[in-house]
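*Asks:* build me a model:
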Amino acid sequence: MSGLISILSTDHGRLRREQRDISKRDLYKALRLGTKERCWGQRWKIEYDGIIFIVDKTMSVEVTAFPSPLALAPVDAKGHILHNRTRDLLERKPELCTSHTVLVVDTSGSMTKHDINLHRDRQVAAYSVTAMEFVAEQLFKQTATNSDVVSVIEFDTTAREVLSREPFSWTLYNKLLDRRDSRTFKTRGLAGVLDALCGDTNYIPALEAADKALRSIDHDRCALSLLFLSDGSPTDSIALNVTPLAAKKLMAEKITEMAQRHEEKLNIQMIGFGSASHDFSVLEDLIEAAQLAQSGTVSKFTYCGKIADRIGTAVSSLASSTAQTRTQLLEHDRGKTRTRREVTLESDVQGDTNFNYYKILEHYIYNPGNDSFGLFPDVPPGAVAGTEVSSSHHQYDQEQKKKIPTSKEKSEGGKELPPLLAISWLPYGQGAERLAFRCHLARATSENDFAFNPMVAKETILVERPDDNVQFHEDFCKTQSLAAYLALEFNNRLVALPWNNETNTPQIIFLPCSVLVLDDPEWRDRGVLVEKKLNVEKYGWRKYNDNAGGLDGKRYHAPINVEREFAKFAKLDTIDDTIIQEGSEEEDSSSDDEGTKSGEEDSDTDARLQDNHQDSTKQNDDQEMVDPTEYIHAFTHFSYLFTNRQAMVCDLQGVYNSDMIPPTFELTDPAIHYRSRSGKNNVFGRTDLGEDGMDLFFDTHHCNQVCKLMRLSRKNKSWQKQWRGRPL
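*Replies:* Coordinates of the predicted model:
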């Protein structure tokens with residue numbers, strides 16, 4: 001049938017089809033089956049199967065061809081209302097934003113050129129690729145939510161913010177496509193004229209507008225990104241009547257200022273596309289200036305030529321780096337900027353582990369009774385294999401085949417603290433704030449003189465070391481102490497389970513830690529936190545949950561519960577603020593209702609906390625049917641209710657020691673979220689996300705059999721006194 005249709009192809013039409021992988025057979029099908037309409041005077045536009053063909057008025061000469069532009073996403077009235085309501089919420093409470101991306105798009109006359117494969121012109125390519133690869137892709141993968149926002153700045157001679165802090169949604173996707181279509185199509189003949197009349201590309205106004213937009217949401221847990229797309233060199237020197245070198249210096253100063261202000265929160269991706277004959281050296285110089293600022297800002301320049309896929313790859317790269325920054329900021333409140341040490345790990349080199357030997361000057365253990373460190377003459381608890389699960393019975397380590405002595409038994413047995421600590425030359429692990437070294441107590445400078453069991457020594461990874469290297473570890477020791485107390489209370493309540501068995505029901509413990517002060521010529525007095533070295537090789541290390549709602553090592557990026565947040569505003573409007581000092585009698589004796597979520601959230605929270613506990617009597621009481629990790633997640637839930645919704649232990653990580661009797665989760669480095677009525681932040685260190693962190697846990701937590709059968713209660717009003725009054 002196609003043979004009955006005769007159509008001539010111009011050189012331009014043939015070239016465009018080849019560039020866009022469109023065959024002439026597609027053209028024949030479009031002529032027979034496509035939708036036809038008049039366009040641009042006497043020509044016809046024919047659309048079929050996602051491809052648009054332009055032919056002359058007689059439909060006998062092909063002019064050009066290109067894929068149909070991306071269609072708008074179907075969004076109903078409810079979706080638009082939710083989008084606008086979320087945007088209004090973020091205007092009132094910008095601290096809920098977890099990322100802010102500023103998209104800066106060159107809209108000068110040259111952006112009307114039709115030389116990007118698969119797209120009508122450069123502007124269409126910029127917006128289409130960004131809408132698909134940055135917005136749609138993240139919505140599909142659920143790696144961005146309504147807590148992530150986007151602003152758009154268009155520039156030529158001047159700069160204009162055309163979209164401001166729009167939350168991720170399909171409404172945002174459609175708004176980007178609306179910007180794509182905001183300028184009508186120009187014929188190739190007019191493109192050169194338009195470029196001459198509207199071709200100014202002034203970077204400085206665009207950078208200033210981007211800087212202003214980034215500063216509009218600037219809190220410590222919001223990742224920032226700048227995506228700058230341009231197809232040519234700037235004309236600022238003409239606009240400012242200065243030399244090109246002077247204009248370039250002004251641009252470099254602006255990008256340096258942005259990098260230094262936002263530091264590691266900021267990611268910069270500059271994309272140059274179009275003809276290779278264009279000068280993109282200024283974009284490269286701006287990236288170099290951001291890198292020379294040495295502020296932690298991640299910055300990159302990518303030249304994509306005329307290939308849309310390369311633009312998409314560059315945009316996707318920015319999405320990935322933004323997500324990584326967002327996760328880091330969410331898990332650790334940033335505080336003031338700190339510089340991490342450059343380190344080499346044991347895994348980076350080959351050979352045996354070597355040790356340095358340091359004289360032990362002092363030994364400290366955290367005392368919750370007076371919230372401070374006290375001198376401790378005994379051997380560090382971490383140097384003795386295991387620890388007590390409860391005060392009511394001894395614990396046995398089946399691997400060691402021996403009873404683990406209590407602290408009193410160790411003292412009576414004359415276990416004196418050896419004079420030296422041997423620390424490995426290189427760390428074997430690193431975290432956000434600390435390095436982990438292998439270490440042993442030693443009686444002399446030889447591995448044959450190692451005493452007791454191997455331990456781990458942890459110290460700061462930061463260049464800016466605290467003056468007092470003991471106090472640096474205070475938050476970690478305090479957190480681990482409270483977690484250990486709550487774990488003991490949890491273990492004591494496991495007897496309520498119908499399947500409880502003294503030798504088989506898993507227990508939870510947190511490694512006791514202490515601080516050794518060492519005589520180190522390079523550090524003066526070097527403080528290291530020491531604890532038992534877990535047998536990771538045998539039992540395997542596992543991160544059961546994190547401090548941001550993640551489970552089993554999987555990150556979770558929670559969307560904002562918009563109605564819950566508006567309900568909080570309603571509650572604040574009816575309550576007078578009361579300042580209460582942390583740890584005061586008034587705070588300890590607070591009512592059972594304190595800290596409950598307001599309005600609709602009150603009932604929602606109770607429902608999700610109890611989660612159909614009335615069905616618990618129907619549960620199978622066979623312990624073999626319960627996954628041991630259910631105890632872990634039930635413990636986090638328990639800690640929240642036991643402390644009357646004031647504290648929550650999470651970021652649970654360590655090993656499941658199946659050789660202990662009973663089998664035991666040996667955990668370390670927990671985080672505690674603390675809901676402070678006085679408004680104090682980070683009571684338990686940088687990983688303490690407060691009430692926000694608690695909400696993140698419940699966004700992913702579903703009560704398991706342990707939660708239900710323990711019938712968790714939140715009516716313990718004196719937990720702080722019990723913890724601080726507990727003997728060491």
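*Asks:* can I get the CA coordinates of stretch 131-140 in CSV?
*Replies:* Coordinates of each C-alpha in stretch 131-140 appear next as CSV, following Å, rounded to 0.1, in the frame of the first residue of the first chain:
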residue,chain,number,x,y,z
ALA,A,131,10.9,16.7,33.5
MET,A,132,11.5,13.0,32.5
GLU,A,133,14.9,12.2,34.0
PHE,A,134,14.8,14.4,37.1
VAL,A,135,11.1,14.5,38.1
ALA,A,136,9.3,11.6,36.5
GLU,A,137,12.1,9.1,37.1
GLN,A,138,12.3,9.9,40.8
LEU,A,139,8.6,9.8,41.2
PHE,A,140,8.5,6.4,39.6
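*Asks:* residues contacting it, please?
*Replies:* Here stretch 131-140 makes contact (Cβ atoms under 8 Å, 6 or more residues apart in numbering) with 70, 73, 101, 103, 144, 148, 150, 168-170, 172-173, 176-177, 180, 227, 311-312, 315-316, 318-319. All C-beta atoms are positioned from the backbone trio N, CA, C, and that covers glycine.
*Asks:* return the subset of the residues you listed lying in strands.
*Replies:* Assignment to strands by DSSP state E places the following of these there: Thr101, Leu103, Asp148, Val150, Leu227.
*Asks:* nearest to Ser446 among these?
*Replies:* The shortest approach to Ser446 among the ones in strands among the contacts of stretch 131-140 belongs to Asp148, at 56.3 Å (Cβ to Cβ).
*Asks:* quick one: the closest one from Thr322, how far?
*Replies:* Asp148 sits 8 Å away from Thr322, going by Cβ to Cβ, to the nearest Å.
*Asks:* what residues are shared contacts of those two?
*Replies:* Among the neighbours of Asp148, those also in contact with Thr322 (Cβ under 8 Å, 6+ apart) are Ser99, Thr101.
*Asks:* got a list of what Thr145 touches?
*Replies:* If you count contacts by Cβ under 8 Å, 6+ apart, Thr145 has them with Thr98, Phe168, His557, Ala558, Pro559, Ile560.
*Asks:* of all those, which two lie farthest apart?
*Replies:* By the measure Cβ to Cβ, Phe168 and Ala558 form the most distant pair in the contacts of Thr145, at 12.9 Å.
*Asks:* the two - which one has more neighbours?
*Replies:* Set Phe168 next to Ala558 and count neighbours by other Cβ atoms under 10 Å: Phe168 wins out with 24 against 20.
*Asks:* what's the single longest strand in the chain?
*Replies:* Criterion DSSP E: the longest strand present in the chain is strand 355-367.
*Asks:* quick check: buried residues in the next helix or strand after it?
*Replies:* With elements assigned by DSSP states H and E, the helix or strand that comes after strand 355-367 is strand 372-375. Neighbour counts using 16 or more other Cβ atoms under 10 Å place Phe373 of strand 372-375 among the buried residues.
*Asks:* what does strand 372-375 rub up against?
*Replies:* Under Cβ under 8 Å, 6+ apart, the answer for strand 372-375 is Glu362, His363, Tyr364, Ile365, Tyr366, Asn367, Val470, Gln471, Glu474, Cys477, Val515.
*Asks:* and the pLDDT for the fifth one?
*Replies:* With respect to pLDDT, Tyr366 scores 91.
*Asks:* got phi/psi on the residue nearest to it when sequence neighbours are not counted?
*Replies:* Excluding the flanking residues, the one nearest Tyr366 by Cβ to Cβ, 6 or more residues apart in numbering is Cys477, at 3.7 Å. Main-chain dihedrals, Cys477, degrees, to the nearest 10: phi -70, psi -40.
*Asks:* burial of Cys477, as a residue count?
*Replies:* Here the count is done by other Cβ under 10 Å, and Cys477 has 22 residues near it.
*Asks:* need the contact list for it.
*Replies:* Shown in contact with Cys477 (Cβ under 8 Å, 6+ apart): Ile365, Tyr366, Phe373, Cys513, Ser514, Val515, Leu529.
*Asks:* may I have the phi/psi pair for Ser60?
*Replies:* Here is the backbone geometry of Ser60 (degrees, to the nearest 10): phi -120, psi -10.
*Asks:* low-confidence ranges, the stretch 301-450 of the chain, go.
*Replies:* Counting by pLDDT under 70, the stretch 301-450 of the chain has low-confidence residues at 331-340, 385-414.
*Asks:* how about the strands of it, start to end?
*Replies:* Assigned by DSSP state E, counting those that start in this stretch, the stretch 301-450 of the chain shows strands spanning 355-367, 372-375, 396-397, 402-403, 420-424, 429-430, 434-442, 450-460.
*Asks:* out of these, which comes closest to Asp695?
*Replies:* Of all the strands of the stretch 301-450 of the chain, strand 434-442 sits nearest to Asp695, with 27.1 Å by Cβ to Cβ.
*Asks:* in its sheet, what does that closest one sit against?
*Replies:* Strand 434-442 has these partner strands in its sheet, going by DSSP bridges: strand 420-424 (antiparallel), strand 429-430 (antiparallel), strand 450-460 (antiparallel).
*Asks:* what does the last one rub up against?
*Replies:* Strand 450-460 is contacted from outside by 379-380, 382-385, 415, 418, 421-423, 433-443, 466, 469, 472-473, 476, 516, 526-534, using Cβ under 8 Å, 6+ apart.
*Asks:* check the second one too.
*Replies:* Strand 429-430 is contacted from outside by Val343, Leu345, Leu435, Ala436, Ile461, using Cβ under 8 Å, 6+ apart.
*Asks:* repeat that for the first one.
*Replies:* When contacts are defined by Cβ under 8 Å, 6+ apart, strand 420-424 is touched by residues 346, 353-360, 437-445, 447, 450, 457, 516, 518, 528, 530.
*Asks:* again, 10 Å this time
*Replies:* Contact partners of strand 420-424, identified using Cβ atoms under 10 Å, 6 or more residues apart in numbering, comprise 346, 353-360, 380, 383, 436-447, 449-451, 454-457, 459, 516-520, 526, 528, 530.
*Asks:* element containing the residue nearest to Ser639 when sequence neighbours are not counted, please.
*Replies:* In this structure, Ser639 finds its nearest non-sequential neighbour in Val649, 4.2 Å apart by Cβ to Cβ, 6+ apart. Take DSSP H and E as the rule and Val649 turns out to sit in strand 647-650.
*Asks:* ditto for Leu90
*Replies:* Element membership for Leu90 (DSSP H and E) is helix 77-92.
*Asks:* what's near enough to touch the spatially closest residue to Pro205 that is not a sequence neighbour?
*Replies:* Nearest residue to Pro205 in three dimensions, chain neighbours excluded: Ala159, at 4.0 Å (Cβ to Cβ, 6+ apart). Residues in contact with Ala159 (Cβ under 10 Å, 6+ apart) are 104, 107, 153, 202-210, 212.
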